[in-house]
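Engineer: here's a sequence, model it:
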Amino acid sequence: MNLRLAIGAVLRTLRSKEKRTRESLAEASSHTYLARLEHGKSGITVEKLELISETFGISPLTFLTLAVATSKGATTDSLLRQARTELEKFEADGGLDEIANQVKDGELVARLPGRQMDSQRLENVLKCKAQGMSQKMTAETLGISKQTVNKLWTRVNE
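Structural biologist: Numbering: from 1, shown residues only. Below is the predicted model of the structure:
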């Protein structure tokens, strides 16, 4: 099942269980938007998910877990076990430290514009350069375009 439809099903179920009308959720969103969500006609933003979840007294994580379980035909227990495994791996790989490095004083750290450089590719190009290979030979050896080799070759001098 499509995740949008699953979100609609969860929203309908939460409303039904609490015997609430769409109008009673006016503090979270408009009647029209809620109807579109319930019919799978609109996507939901993180901000709206948070507002709607709070209205029902649940966390956005609970709402999403119910929606993903519905979408995949899985149990919430299996999804939570999977999430726990993925989170443990993320933490073990230093992911939380990386997230902490992206935020300073409650704001995202500014990044330089442009595409981020592939450090492994740069290292490989520089090794070929150090071995005295030409840019053309480097491109053929590494299987990348001559333009990419040239950008990486000259980038170090900048």
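Engineer: the longest helix in this protein is where?
Structural biologist: For the chain, the longest helix by residue count, based on DSSP state H, is helix 76-92.
Engineer: buried stuff in the one helix or strand Met137 maps to?
Structural biologist: Here Met137 sits within helix 135-142, counting by DSSP states H and E. For helix 135-142, the neighbour count (16 or more other Cβ atoms under 10 Å) marks Gln135, Thr138, Ala139, Leu142 as buried. Every residue, glycine included, has its C-beta placed from N, CA and C.
Engineer: correct me, but the first one touches Lys146?
Structural biologist: Spelled out, that is Gln135. Yes: the pair Gln135 and Lys146 passes the contact test of Cβ atoms under 8 Å, sitting 6.2 Å apart.
Engineer: circling back to that earlier point, closest to Ala83 among the buried residues of helix 135-142?
Structural biologist: Checking the buried residues of helix 135-142 against Ala83 by Cβ to Cβ gives Leu142 as the nearest, at 37.8 Å.
Engineer: mind checking how far that closest one is from Thr154?
Structural biologist: Applying Cβ to Cβ, to the nearest Å, the value for Leu142 to Thr154 is 16 Å.
Engineer: ok, Gln135 next?
Structural biologist: 9 Å.
Engineer: same check, this time on Tyr33
Structural biologist: Per Cβ to Cβ, Tyr33 is found 51 Å from Thr154.
Engineer: between the two, point out the one with more neighbours.
Structural biologist: Neighbours per residue (other Cβ atoms under 10 Å) separate Tyr33 from Thr154, with Tyr33 holding more: 17 against 10.
Engineer: where does that one land in three-state SS?
Structural biologist: Here Tyr33 takes the helix state, with states given by DSSP: H, G, I helix; E, B strand; the rest coil.
Engineer: identify the residues contacting it.
Structural biologist: Counting by Cβ atoms under 8 Å, 6 or more residues apart in numbering, Tyr33 touches Ser42, Lys48.
Engineer: pLDDT below threshold where in this structure?
Structural biologist: Applying pLDDT under 70 to the chain flags residues 112, 114, 156-158.
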